[in-house]
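Novice: Okay, predicted coordinates and the sequence, questions at the end:
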Amino acid sequence: GAGLSSFDLASQTWQTVRYPTLASNLVTDLAYDPARQRLWAAATYAAPHATGGGLSVLQDNTWSNYSNSSGLTAYYNDVRSVAPGPAGEVWSGAFNWNGYPNPPPATWQGVDAVVNRFDGSWSHLSFPGDGYVSSVAIDSSGVVWAATSRDGRYPGDGSFEPTGHHAPTGGVKVIRGHQASVLNVANSGLVSDDVRVVAIDSEDRRWFGSNRGLSIFRQPYRLYLPWLESSSGATPN
C-alpha cells in the first residue's frame, strides 16, 4: 500500500499521508463526517510483521490513530469498514479470531464478525463465525446496517476458509445501540448471506450488494426487528 492521497484543486497538486502518521499504508475504507469535519480512514496491517492497521481520523489538520491498544477490537488491527454516526460516534467493521484448529473440526465455523463503536470509549458486538464486517452504513434514524461476508480468509496464510466451514449466518446485522437483529436469506428477501457492501440513499432505501446480486429495502421498512441480543446471537461487550 502507498497510503492516503488527496488532490488540491486550487494548486492542482497531490498530497500523500503514510504510516506512521496514518494507521497503515493499506487503507480499506474512507468516510467523511461533514457535521464535525472529520475524515475517518480504516486500514489493515502490513505483512509479514503485522505492522500498523486500525482507524485514523483527520480533524483540524491533525491525524489521530486508534488500534487494539486503544480499545479497538480487530484481529491484528485489520479494520475493513468505517462509518460516522449522527451523534458523533463512529462505527467500524472488522473480525476477530482466537486460533485456527488444525485440522479444523467439522464444527469449526471460522472467524467472528465484529462491529466496533467509538464515542469517546470503545465497545463492540461480536457475531460468532460470521466472517468479517465488509461494510457499514447508518440510516436517518441512527440504525446501523453492517454487512457480513462469508469469504473471510484464514488470517494465517491468506487462504480461504476450508470448504464446508462457512459462516453459519452471515447476512446483514441491524444494530441500534448495543442490540442487534439479523437479516438473511432465511428470514427476509435478501438474495444472499454473503454481503459485500451496503449503502443508504437520500430516500433512506437500503442497498445491499452481494455475491449473488443486489437487494434493496424500500421505505416504509416493515420487517419485524426484535431489538434483543438473544435474537441475533450477538455477543456484546
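Specialist: That came through, no problem. No experiment lies behind these values; they were computed from the predicted model shown.

Novice: for the chain, what are the low-confidence residue spans?
Specialist: 99-110, 151-168, 219-237 (pLDDT under 70).

Novice: residue closest to the middle of it?
Specialist: G93 (1.8 Å; CA atoms, centre = their mean).

Novice: dump the residue contacts of that one.
Specialist: 42, 79-82, 113-116, 132-136, 146-147 (CB atoms under 8 Å, 6 or more residues apart in numbering). From N, CA and C alone the C-beta is placed, and that goes for glycine too.

Novice: Can you flag which of the residues you listed belong to strands?
Specialist: Those of those mapping onto strands are 42, 79-82, 113-116, 132-136, 146-147, per DSSP state E.

Novice: about what we covered before: the residue nearest to the centre of the chain: which element?
Specialist: Using DSSP states H and E, G93 sits within strand 90-96.

Novice: Can you list the strands that that strand pairs with?
Specialist: strand 79-84 (antiparallel), strand 112-118 (antiparallel) (DSSP bridges).

Novice: any residues touching the first one, and which ones?
Specialist: Pointing back at strand 79-84 there. Residues outside strand 79-84 that contact it (CB under 8 Å, 6+ apart) are 28-33, 36, 38, 40-44, 53-55, 72, 90-95, 116, 132-138, 144, 146-147.

Novice: what do you get if the cut-off is 6 Å, keeping everything else the same?
Specialist: For strand 79-84, the external contacting residues (CB atoms under 6 Å, 6 or more residues apart in numbering) are 28-29, 31, 33, 40, 42, 54-55, 90-94, 132-138.

Novice: Quick check: the gap between P128 and W122.
Specialist: Per CB to CB, to the nearest Å, P128 is found 20 Å from W122.

Novice: What of G171?
Specialist: In terms of CB to CB, G171 sits 25 Å off from W122.

Novice: Equivalent analysis for S67, please.
Specialist: In terms of CB to CB, S67 sits 11 Å off from W122.

Novice: between these two, who's got more neighbours?
Specialist: S67 (20 against 16; other CB atoms under 10 Å).

Novice: Settle this for me: that one is touching N77, isn't it.
Specialist: Yes. At 4.8 Å, S67 counts as touching N77 under the criterion of CB atoms under 6 Å.

Novice: returning to what we had before: which one of the strands paired with strand 90-96 lies nearest to R206?
Specialist: strand 79-84 (13.1 Å; CB to CB).

Novice: Please save the CA atoms from the closest one in CSV.
Specialist: Taking C-alpha atoms only, strand 79-84 is exported to CSV below (Å, rounded to 0.1, in the frame of the first residue of the first chain):
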residue,chain,number,x,y,z
VAL,A,79,-10.3,-3.0,10.0
ARG,A,80,-12.4,-3.3,6.8
SER,A,81,-15.1,-0.6,7.0
VAL,A,82,-16.0,2.6,8.8
ALA,A,83,-19.0,5.0,9.1
PRO,A,84,-19.6,8.1,11.3
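
Novice: Now do that strand: distance to the chain's middle.
Specialist: 5 Å (CA atoms, centre = their mean, to the nearest Å).

Novice: buried residues in the strand holding G93?
Specialist: Residues V90, W91, S92, G93, A94, F95, N96 are the ones in strand 90-96 that count as buried (16 or more other CB atoms under 10 Å).

Novice: Could you save those residues as JSON lines and add columns showing distance to D204?
Specialist: Listed next are the buried residues of strand 90-96 as JSON lines, based on distance: CB to CB, whole Å:
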{"residue": "V90", "distance to D204": "20"}
{"residue": "W91", "distance to D204": "17"}
{"residue": "S92", "distance to D204": "22"}
{"residue": "G93", "distance to D204": "21"}
{"residue": "A94", "distance to D204": "26"}
{"residue": "F95", "distance to D204": "28"}
{"residue": "N96", "distance to D204": "31"}
